Structure formats: C-alpha cells, structure tokens
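In: model this:
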Amino acid sequence: MDLPGATPPVVVTADPELLARVHAVTATLAVQPRLLDQPAEVRDVWASAPLVVVGPDLAAALASLRLPPRRGLLVVGHDEAPAAAVRHSAGLGAAVLTLPSGAEALADAVSGLAGRSPGSGRLLALTGASGGVGTSTAAAALALVAARDGTRAALVDLDERGGGLDLLLGAEQHEGWRWPRLSGARGFLGDLHGQLPVVEGVDVLATARLPDSGAPLTGEAVGAVLLSLLRSHALVVVDLPREATAGAAEVLRRAEEVLLVVRADVRGVAAGREAARLLVPSCAAVRVLTRHARRSGLAGAAAAEALGLGSAGVLPHDPAALAAGERGEPPARSDRSVLARTARAVLAQCLPAEVRA
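Out: Next comes the predicted model:
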C-alpha cells in the first residue's frame, strides 16, 4: 500500500507508547506514517496529508496554531485515559478513538488511503431562510440527480422536526438505519452503505418520527457519520434545520458550500438577510438558491443580488413536484421535469468536474 509517490499519513505525538500502538496498526497495512513531534512542523503538510493522527500530548499545542479546518483528522489516545483524547477533539474539530480498542477503526481510516483519502467526498448543505421554500425537496433532488448521473451520493436529514426525509421520498417503509441508531456514534465508523435505506441509488439517513426517538443529535455523532459518508461517497447532501443545533453547526463547519434557499419576494429576501447574517461567519461559502414561486415579486437571481451573495440557481415553480410528493414519489424522478433540469444545473455549478465524473 506504500506506493511510490503516495503521501503518507502523518502522526503528531511525542508519546513513545502511543506511537508504538499506532505503528502496530499501520504495520499490518504496510503503511509507514510520517512522524512529527513538533506541532509547528504540521503547517507544511496540513493541506496535503490524507490523514493526520494527533496524540493528546500535542493536541493543545496543535490547536493553538489555529490551522484551517480539515477532514481526515483524528485525536488518538490510550484506552486507559480516554478523557484526554476527548478533551481536545472539539478544539481541533477531530474525530476521537483510543488504542488498542480502536485499532480496527484506525486501520479502516488508514486503509482508505489506498483508494480515496478519508473524507475526500464533497459536502453540500442546504437550509431555508424561511419555512415552506422547498429546501428538503431541493436537497433530495440534488442527491437523486447526482446519483442518476453516476455520482455516488448520500442524503442526510438533520431537520429533526421535519417529519423525516424518507417520507418525502416514499421510503418510510424501507429497512435500514435512521438517526436514532447512530445517535451515539463517535470516532471513525465503517462504511454505512448497506446499512441505510437506499432510494434510487442514494443512501438516505433520515430522522425518526417517534416522540421518544432520543436526545438531540450531538456534534460528535454528526461529525462521525459525516466522516464515514465522505470516505465512501463522492457527494453528501445535507438538509439542515433552520434553527441552530449542535449537529447543524458541525455540518456548517465542514461543508464546502451552503445553499441558502430564499423565496423570491420582499419578505423572503428579508428572511434571507437575517439567515445570511448568521450563516456567513460559520461557512466556507454561502450561495443563494432562489425559490421562484408562480407569482414571485422578484425575477431570476435578484434575491441573491439583494443579499450580496452569489447565485446557485433558481428553483422555478413546479406543480409536478408537489403532486409527486403527495403521491409519495421521489422528486425529480423524470429527467424532463423542471426540478431535475434545475438540479442538474445547480450541480454543474457546485461540483468540480472530477466529482461529477
């Protein structure tokens, strides 16, 4: 697996016992990681390393460097002192595992370097500036059209009050895990493909509709699930709630781009301005997806211009999509539909060519 020219994973620790435990895992995979015992040296490899493993002994020093967020970041500690690893995970935005019990999870993370780097998929999040703008329908259409065009896609529902995206997709009876099954997730998970309901080629992780479905999702659980999906899928589309939650904050921190769905009228733009004020400081990039109703007061991308943000496209009024939803059919099922054509145009803007390929 140590191929010529391949970039090795990086291990940042001065703890010889922890290093021995990490090497015990990587040696079985014929991978020789690069050891750094000075946090400042990480700057040079921060963007290029496919995986960075940090020991609790140097985690605080690394966090003090205030490096930009990245995927493929693990705080790895000892089974005998798990709190030390957990304590530093939030500051770094990293997943957590301990050794030797987490050896299989670490091996899973390292073995991903032979193909796609852990977390190398693209994360696209959607949120509505106000209710009733069709955010969930748009998110589902993007994932379904991407899958139809050959992109391995997952659709994640984080709107715990939205009734469940599986219902919108007509998949409420499909077997597979929903969020309650993963609410305790932490560290690195295995490939979730095969565990989640599948709708027309899209792996769907929906919320539950039961009143006793558990406590609100934590940022740690959402982060662990996202890391897993981004290792195995080229595109992960997340339907965010409008209210601030720990899970939503984790998505906003990791997403390459957030699409703010704004209704194309005066009240919609006013709501969009307030939403953008909260979103922009938390995101790498925010663009406006305009929801153009039959009698919208603004034309085209005027809502994006009014908010001073880039436009991701316009969702025109599509009566067929509303009727399909009432019948329990997935949106954008027909390539000739307005919604499918719009979703494909949005994906062409948001996804690099290598992801679409």
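In: Neighbours of Pro319, how many?
Out: When neighbours are counted by other CB atoms under 10 Å, Pro319 registers 9. All C-beta spots, glycine's among them, are computed from the backbone N, C-alpha and C.
In: tell me the pLDDT at it?
Out: At Pro319, the model reports a pLDDT of 72.
In: Could you do Leu3 as well?
Out: 39.
In: The one 4 residues further on too?
Out: With respect to pLDDT, Thr7 has a value of 72.
In: wait, it sits on Ser48?
Out: Yes. Counting by CB atoms under 8 Å, Ser48 is a contact partner of Thr7 at 5.8 Å.
In: Compare these two and say which is more crowded by neighbours.
Out: Thr7 (14 against 8).
In: who touches that one in this structure?
Out: Neighbouring residues of Thr7 by CB atoms under 8 Å, 6 or more residues apart in numbering: Ser48, Ala49, Pro50.
In: tell me which element the first one is part of?
Out: Element membership of Ser48, judged by DSSP states H and E, is empty: it is in no helix or strand.
In: That one: what's it in contact with?
Out: Contacts of Ser48 (CB under 8 Å, 6+ apart): Thr7.
In: Could you shift the numbering so residue one becomes 104, and keep it that way?
Out: New numbering, starting at 104: the last item is Ser151.
In: Just the pLDDT at it, thanks.
Out: 87.
In: who touches the residue nearest to Thr348 when sequence neighbours are not counted in this structure?
Out: Among residues not flanking Thr348 along the chain, Pro319 sits closest, at 6.2 Å (CB to CB, 6 or more residues apart in numbering). By CB under 8 Å, 6+ apart, the residues touching Pro319 are Glu263, Thr348, Ala349, Gly350.
In: shouldn't the third one be in contact with Leu355?
Out: Okay, so that is Ala349. No. With contact defined as CB under 8 Å, Ala349 does not count as touching Leu355 (10.9 Å).
In: So for those two, which sits in the more crowded spot?
Out: More neighbours surround Leu355 than the other of Ala349 and Leu355, with 22 against 14 (other CB under 10 Å).
In: Against Thr321, how distant is the more buried one?
Out: 15 Å (CB to CB, to the nearest Å).
In: just to revisit the earlier point, for Val325, state which of the contacts of Thr110 is nearest.
Out: Nearest to Val325 out of the contacts of Thr110 is Pro153 (CB to CB; 22.2 Å).
In: State the helix or strand in which that closest one lies.
Out: Using DSSP H and E, Pro153 falls within no helix or strand.
In: what sits against the nearest residue to Leu258 once chain neighbours are set aside?
Out: Closest residue to Leu258 apart from its sequence neighbours, by CB to CB, 6+ apart: Ala246 at 4.1 Å. Residues counted as contacts of Ala246 (CB under 8 Å, 6+ apart) are Ala256, Ala257, Leu258, Val305, Leu338, Val340.
In: now do 10 Å
Out: 227, 254, 256-259, 268, 272, 302-307, 336, 338-342, 433-435, 446, 450 (CB atoms under 10 Å, 6 or more residues apart in numbering).
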